[in-house]
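Colleague: fold the following.
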Amino acid sequence: MRKPVAADGPAITRLIAACAPLDVNSAYCNLLQCTHFAETCIVVERNGEINGEILGWTSGYRPPTEPTGFFVWQVATARPARGQHLARRMINALLARPAAEGVTHLITTITDGNAPSWALFNSLSRAWGAPLTRSAMFECDAHFAGAHDTEWLARIGPLPSRNSRNQDQEA
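Modeller: Coordinates of the predicted model:
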């Protein structure tokens, strides 16, 4: 697991495209995440070498309007790496970084049809003993003109201490 670099952009774009139902971002957006947001994003490579096969990607950031929150934008795991709790390990690793100091809540948006994401966030909630709440953030008709499913705000917190979360790293 490591911070992304610009050279990872094309592989990350391919991984996200292979992980339906994730929204495919522009290659430029992924490059910005790999550079401007490298401190709050993570990649997992098969051999730990830059330009190796990307097996996992999690992008996130600290919202300026909620400095104690950590927003998880996307979590993608390549098919060969699924079933190994890689997504949980990536999120725990991100929350252990200095860039996540002071985070009290993990937040994201998820559509109803994204069962893997709901399973992940429910799993984190249980592992951390922290409640998960759900409320509409961007509605199908009001915000997406009927072209995209409602994005539900999933919010876990308050989070346990970093040490408690790190014990969950391998669970």
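Colleague: in the longest helix anywhere in the chain, what counts as buried?
Modeller: Among all segments of the chain classified by DSSP state H, the helix with the greatest residue count is helix 115-128. Within helix 115-128, the residues that qualify as buried by neighbour count (16 or more other CB atoms under 10 Å) are Ser117, Trp118, Leu120, Phe121, Ser123, Leu124, Ser125, Ala127, Trp128. C-beta: built from backbone N, CA, C; applies to glycine.
Colleague: just the CA trace of stretch 13-28, in CSV.
Modeller: What follows is stretch 13-28 as a C-alpha-only set of coordinates in CSV (Å, rounded to 0.1, in the frame of the first residue of the first chain):
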residue,chain,number,x,y,z
THR,A,13,-8.8,4.7,-14.5
ARG,A,14,-8.8,1.1,-15.9
LEU,A,15,-9.5,-0.4,-12.5
ILE,A,16,-12.4,2.0,-11.7
ALA,A,17,-13.9,1.2,-15.2
ALA,A,18,-13.7,-2.6,-14.3
CYS,A,19,-15.5,-2.1,-11.0
ALA,A,20,-19.1,-1.4,-11.8
PRO,A,21,-21.2,0.2,-10.4
LEU,A,22,-18.5,2.9,-9.7
ASP,A,23,-18.9,6.1,-11.7
VAL,A,24,-16.0,6.4,-14.1
ASN,A,25,-14.1,9.7,-13.6
SER,A,26,-12.2,11.4,-16.2
ALA,A,27,-8.5,10.5,-16.5
TYR,A,28,-7.7,14.1,-15.6
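Colleague: for Thr150, the count of nearby residues, please.
Modeller: 17 (other CB atoms under 10 Å).
Colleague: go on, Leu32?
Modeller: For Leu32, the count of nearby residues is 16 (other CB under 10 Å).
Colleague: and it, helix, strand or coil?
Modeller: Under DSSP: H, G, I helix; E, B strand; the rest coil, the three-state class of Leu32 is helix.
Colleague: relative to Arg126, how far out is it?
Modeller: 33 Å (CB to CB, to the nearest Å).
Colleague: coming back round to it: who does the longest helix of the chain touch, helix- and strand-wise?
Modeller: helix 86-96, strand 105-111, strand 132-138, strand 151-156 (3 or more CB pairs under 8 Å, 6 or more residues apart in numbering; DSSP states H and E).
Colleague: helices or strands next to the third one in the packing?
Modeller: Read it as strand 132-138. Judged by 3+ CB pairs under 8 Å, 6+ apart, strand 132-138 is in contact with helix 115-128, strand 151-156.
Colleague: about what we covered before: mind putting the helices and strands packed on helix 115-128 in CSV, mean pLDDT and mean neighbour count included?
Modeller: As requested, the helices and strands packed on helix 115-128 are arranged in CSV below (pLDDT from 0 to 100; neighbours: other CB atoms under 10 Å):
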stretch, mean pLDDT, mean neighbour count
helix 86-96, 97, 21
strand 105-111, 97, 20
strand 132-138, 96, 13
strand 151-156, 97, 20
